[in-house]
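1. Based on what follows, work out the 3D shape:
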Amino acid sequence: MDVPPNMPPQESVAQARVLLAQQGSDALLLTDVFGATPSNIAKQLTDGIRTRLLTGVNLPMLLRAVTYRHESLDVLVQRALAGGSQGVMQVAVTAPQNQTLKNHDSNDHQSQQ
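-> Okay, here's the model as predicted:
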């Protein structure tokens, strides 16, 4: 569910409650930034038993949540958290190779034609 910036939070909460009731099963709620409006709305919907809330969502977390949505809520939360933390890494950059420039001397027969 999207939380439009021009919609009063109470309306978003009511709309989300209807969606959760229609689902009829456990739900994992994901939001981007803790403390932002979507997170505050989701916090009002979360009971910690049938619904759980994870904030700071990133793409690896989202992919894990979608991939393992058939799992129990407890397992799904753990998989999503693992995906979120394991998906963030620093990638080492290799140092540029020290290559010497070829001499473009006409007597040098090693150049490509």
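2. tell me which element residue 80 is part of?
-> In the assignment (DSSP states H and E), residue 80 maps to helix 73-86.
3. Check which helices and strands that helix sits against.
-> strand 27-30, strand 51-54, helix 59-67 (3 or more CB pairs under 8 Å, 6 or more residues apart in numbering; DSSP states H and E). All C-beta atoms are positioned from the backbone trio N, CA, C, and that covers glycine.
4. Against residue 9, how distant is the residue nearest the centre of the chain?
-> In the chain, the C-alpha closest to the average C-alpha coordinate belongs to residue 58, at a distance of 1.8 Å (CA atoms, centre = their mean). As judged by CB to CB, to the nearest Å, residue 58 and residue 9 stand 24 Å apart.
5. same check, this time on residue 38
-> From residue 38 to residue 9 the distance is 10 Å (CB to CB).
6. ok, back up a step: what's in contact with the helix holding residue 80?
-> 26-28, 30, 50, 52, 54, 56-58, 60-65, 67-69, 71 (CB atoms under 8 Å, 6 or more residues apart in numbering).
7. Please repeat the previous calculation with a cut-off of 7 Å.
-> Helix 73-86 has contacts (CB atoms under 7 Å, 6 or more residues apart in numbering) with 26, 28, 52, 54, 58, 60-61, 63-65, 68-69, 71.
8. Kindly report the same for stretch 88-96.
-> residue 58.
9. Compute the first-to-last residue distance for that stretch.
-> One end of stretch 88-96 sits 25 Å from the other (CA to CA, to the nearest Å).
10. same thing with stretch 2-15?
-> 10 Å.
11. Which positions within that stretch qualify as buried?
-> 3, 12, 13, 15 (16 or more other CB atoms under 10 Å).
12. Surely the third one is within a helix?
-> Yes: Residue 13 sits within a helix when classified using DSSP: H, G, I helix; E, B strand; the rest coil.
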